[in-house]
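S.K.: All I have is the shape, not the residue letters:
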């Protein structure tokens with residue numbers, strides 16, 4: 001055992017023979033042989049890692065798991081014992097494989113530093129910091145004991161304190177890149193627990209890098225470690241406070257108006273190598289310099305271009321070689337006997353349990369539910385590439401034996417691979433949202449808060465949305481809980497973040513437009529002050545538009561809201577026409593409509609802002625004439641439920657117009673229905689929806705028979721043209737139209753209208769109301785009911801009617 005423990009200190013002698021094969025076009029030579037072997041290695045490593053990644057995708061495994069498995073399979077644990085694989089990975093190629101692998105490691109850590117946002121550290125509160133420190137240092141105490149357990153069980157005399165230091169740091173820290181990947185796969189990235197876990201991982205990363213800067217100089221210089229340590233600390237400080245401003249100034253002066261040529265990419269990649277060389281020379285590791293260079297580089301548009309240009313090449317081509325290096329150094333056959341395997345299982349289980357129990361213990365002090373505390377503990381077991389890099393530094397120094405190194409890599413693999421399946425078992429969507437049942441306006445009862453997520457892109461949206469929220473308070477029997485969400489686009493590699501504003505403290509975050517954020521915050525605070533039945537929480541999401549939908553939907557699930565309010569991307573001009581003021585918002589709205597976990601209302605403002613300014617002496621809004629156009633189906637019933645709630649407000653006069661088929665209506669051919677809309681929209685479903693409409697309308701009329709502010713009337717039409725003509729006759733009779741999107745409903749009264757829609761997100765009727773050729777210039781509220789992808793909710797629709805009787809006046 002003592003002999004095998006020294007394998008990482010031995011060398012291999014070999015003779016470089018150049019084979020004279022396939023030399024048709026040119027003479028053979030060493031470069032040709034090296035390239036041939038290298039291309040085989042690239043192909044095999046990339047192919048195996050991608051196959052394993054695809055095979056493990058159903059288990060929600062992060063990519064690092066497939067990469068480590070690929071390295072293990074290509075090492076002496078598995079395939080390297082076969083002659084064919086020894087020809088692909090001969091011993092004489094190990095130095096070249098290590099060189100390429102470490103180059104990939106440097107560029108990967110450069111990208112990690114580029115994505116790291118130091119400003120996010122100011123948002124990390126006491127809770128996340130305490131959990132991170134507990135999950136870092138308490139398992140470290142147990143980790144050092146497990147190191148000596150392994151050492152004593154193996155009978156090795158080469159164990160030393162240096163190996164224990166690397167063992168503890170690698171075992172205890174949590175890798176934020178892998179954690180973010182796992183959180184995204186289990187759909188927890190934008191939840192409260194996901195944000196807490198990410199903040200905790202950031203603190204863990206900071207602790208890990210501090211210890212890396214401390215431990216590596218000790219391992220490289222021994223007793224004179226304070227020279228490289230002080231030099232490294234001075235280098236880092238000089239980079240943060242000297243080189244970073246200089247780089248920002250140089251890039252700003254030479255880039256013109258944000259136009260970056262390819263020479264920037266070349267120069268920056270050269271800078272990664274230069275910084276790696278500097279930190280290697282002064283006594284630490286090259287990966288420290290690469291990370292620091294990424295940290296100080298401005299992460300705006302230039303950062304985005306760098307990521308787009310090199311990330312796939314680094315992670316897809318270069319980095320697999322680093323995992324091959326790790327796999328070649330691992331030899332699970334060195335863990336011999338039942339006793340050694342028992343110790344290995346004990347070490348892995350103890351390290352895993354230490355993370356979970358320490359996190360769970362500290363979570364109880366912050367009133368975190370036990371199940372969520374367990375989930376946080378599981379998430380703290382995520383390991384990243386930095387841990388493997390530390391193990392390789394320890395290997396190069398000879399601080400770890402083959403057995404110790406193999407146990408640690410196996411622990412990395414098992415601890416990280418167990419996170420996603422266990423979270424799905426303990427905190428899966430079924431359990432997580434078991435109590436999230438009020439996903440629509442129809443489901444709200446008389447004693448239940450009406451929880452609304454109001455999205456605000458700019459200050460132009462705040463006045464109409466607040467006016468809509470004011471009338472949404474209804475008759476105040478049910479409190480209105482508003483989550484005002486300011487959506488701010490970030491570009492480059494800046495980290496997406498959610499900011500929860502404290503009304504009693506100024507924001508510590510450097511927002512792109514503080515004045516706009518302060519105006520929105522002040523408006524929401526005034527709304528809360530004037531409406532005693534409403535509560536408001538102001539939040540800001542900083543995110544790219546491409547992923548903003550995930551942020552909105554994740555926050556809606558986390559806050560258990562029943563309705564998301566979105567402003568339409570077009571705005572009304574003084575002439576009454578609409579213009580594309582903010583076209584970038586449209587894809588976000590469309591994605592939210594498609595993926596929302598609750599009902600959605602899309603507001604087209606063409607006068608609500610002006611109506612909000614019309615106040616009486618009692619400081620209440622003057623009467624607004626609202627019309628609810630009811631044709632039938634899921635969304636129309638949801639729109640009627642929302643209009644019903646609005647009708648409880650003193651400033652709303654509601655008219656419900658139900659369109660009924662006339663005697664000459666043209667029924668839709670069932671075969672055409674199936675051809676256009678799929679097998680789900682069959683005639684029996686249409687009849688069933690019609691029955692639900694009749695029941696809901698009957699209950700609405702019965703409950704409001706004595707309400708003078710609500711008017712009900714019926715209009716008979718035969719086709720879509722008749723429906724459009726009837727709406728056109730209403731002219732300027734109303735200030736606000738409330739309609740259902742009706743994407744899932746099929747009616748002969750609107751059939752064919754959607755084919756001419758300019759804005760499908762508004763539905764057929766909503767699109768007509770905002771059309772430039774239409775004489776109506778009122779505001780439009782388009783409502784879409786939450787779709788649970790089943791018909792169970794429709795059956796429940798009849799059962800919840802009794803709970804709606806509280807809207808009586």
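M.R.: Received, thanks. Remember, it's a predicted structure, so these values are computed and weren't measured experimentally.

S.K.: now the strands for the chain?
M.R.: 450-456, 480-489, 497-500, 534-543, 563-567, 570-572, 578-580, 599-604, 624-630, 652-661, 710-717, 736-740, 779-784 (DSSP state E).

S.K.: Could you dump those strands into TSV with mean pLDDT and mean neighbour count added?
M.R.: For glycine as for every other residue, the C-beta is placed from the backbone atoms N, C-alpha and C. Putting these into TSV (pLDDT from 0 to 100; neighbours: other Cβ atoms under 10 Å) gives the following:
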stretch	mean pLDDT	mean neighbour count
strand 450-456	92	25
strand 480-489	89	22
strand 497-500	76	18
strand 534-543	87	20
strand 563-567	93	26
strand 570-572	77	19
strand 578-580	71	14
strand 599-604	93	25
strand 624-630	88	24
strand 652-661	89	20
strand 710-717	90	16
strand 736-740	91	27
strand 779-784	92	27
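
S.K.: Excluding residues flanking it in the chain, which one is nearest residue 649?
M.R.: Among residues not flanking residue 649 along the chain, residue 471 sits closest, at 4.5 Å (Cβ to Cβ, 6 or more residues apart in numbering).

S.K.: do the same with residue 347
M.R.: residue 146 (4.5 Å).

S.K.: picking that back up, any chance of the strands of the chain in CSV, plus distance to residue 397?
M.R.: Shown next, in CSV, are the strands of the chain (distance: least, Cβ to Cβ, whole Å):
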stretch, distance to residue 397
strand 450-456, 53
strand 480-489, 46
strand 497-500, 38
strand 534-543, 42
strand 563-567, 55
strand 570-572, 64
strand 578-580, 62
strand 599-604, 58
strand 624-630, 74
strand 652-661, 75
strand 710-717, 80
strand 736-740, 68
strand 779-784, 61
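
S.K.: Pull the number of nearby residues for the residue nearest to residue 347.
M.R.: Using other Cβ atoms under 10 Å, residue 146 has 23 other residues around it.

S.K.: Please apply the same query to residue 650.
M.R.: 13.

S.K.: Can you name the residues bridging to the residue lying closest to residue 478 once chain neighbours are set aside?
M.R.: Spatial nearest neighbour of residue 478, excluding adjacent residues (Cβ to Cβ, 6+ apart): residue 450 at 5.3 Å. For residue 450, the beta-bridge partners are residue 480 (DSSP bridges).

S.K.: Kindly report the same for residue 658.
M.R.: Judged by DSSP bridges, the bridge partners of residue 658 are residue 630, residue 714.

S.K.: where's it relative to residue 723, distance?
M.R.: 12 Å (Cβ to Cβ, to the nearest Å).

S.K.: Can you check which residues contact both of the two?
M.R.: Common contacts of residue 658 and residue 723 (Cβ atoms under 8 Å, 6 or more residues apart in numbering): residue 631.

S.K.: low pLDDT regions in the stretch 251-400 of the chain?
M.R.: Low-confidence segments of the stretch 251-400 of the chain, defined by pLDDT under 70: 256-259, 300.

S.K.: where along it do the helices fall?
M.R.: 262-281, 286-296, 301-313, 319-329, 337-364, 370-379, 385-397 (DSSP state H, counting those that start in this stretch).

S.K.: quick one: pLDDT of the residue nearest to residue 362 when sequence neighbours are not counted?
M.R.: With sequence-adjacent residues excluded and distances taken as Cβ to Cβ, 6+ apart, residue 362 is closest to residue 134, at 4.0 Å. For residue 134, the model assigns a pLDDT of 89.

S.K.: same thing with the one 5 residues further on?
M.R.: Among the per-residue scores, residue 139 shows a pLDDT of 86.

S.K.: residue contacts, it?
M.R.: By Cβ under 8 Å, 6+ apart, the residues touching residue 139 are 171, 172, 351, 354, 355, 358.

S.K.: Now do the fifth one: how many residues are near it, please.
M.R.: Burial of residue 355 is recorded as 27 neighbouring residues (other Cβ under 10 Å).

S.K.: One more: the last one?
M.R.: Residue 358 is surrounded by 24 other residues when neighbours are defined as other Cβ under 10 Å.

S.K.: who touches it in this structure?
M.R.: Applying Cβ under 8 Å, 6+ apart, we find residue 358 in contact with 134, 135, 138, 139, 377.

S.K.: ranking these by neighbours, who comes first?
M.R.: Neighbour-wise, those (other Cβ under 10 Å) top out at residue 135, 32 neighbours.

S.K.: Run through the stretch 101-250 of the chain and note the low-pLDDT ranges.
M.R.: In the stretch 101-250 of the chain, residues with pLDDT under 70: 154-160, 219-225.

S.K.: For it, which segments count as helices?
M.R.: With DSSP H, counting those that start in this stretch as the criterion, the stretch 101-250 of the chain has helices at 126-154, 161-172, 176-185, 192-221, 226-238, 244-254.

S.K.: Kindly report the same for the stretch 551-700 of the chain.
M.R.: 585-595, 608-613, 634-646, 670-677, 683-703.

S.K.: Give the residue spans of the stretch 401-550 of the chain that score low on pLDDT.
M.R.: For the stretch 401-550 of the chain (pLDDT under 70), the answer is 429-435, 446, 475-477, 491-496, 502-513.

S.K.: one more time with 90, if that's ok
M.R.: 401-405, 408, 424-450, 457-464, 467, 470-480, 487-535, 537, 539-550 (pLDDT under 90).
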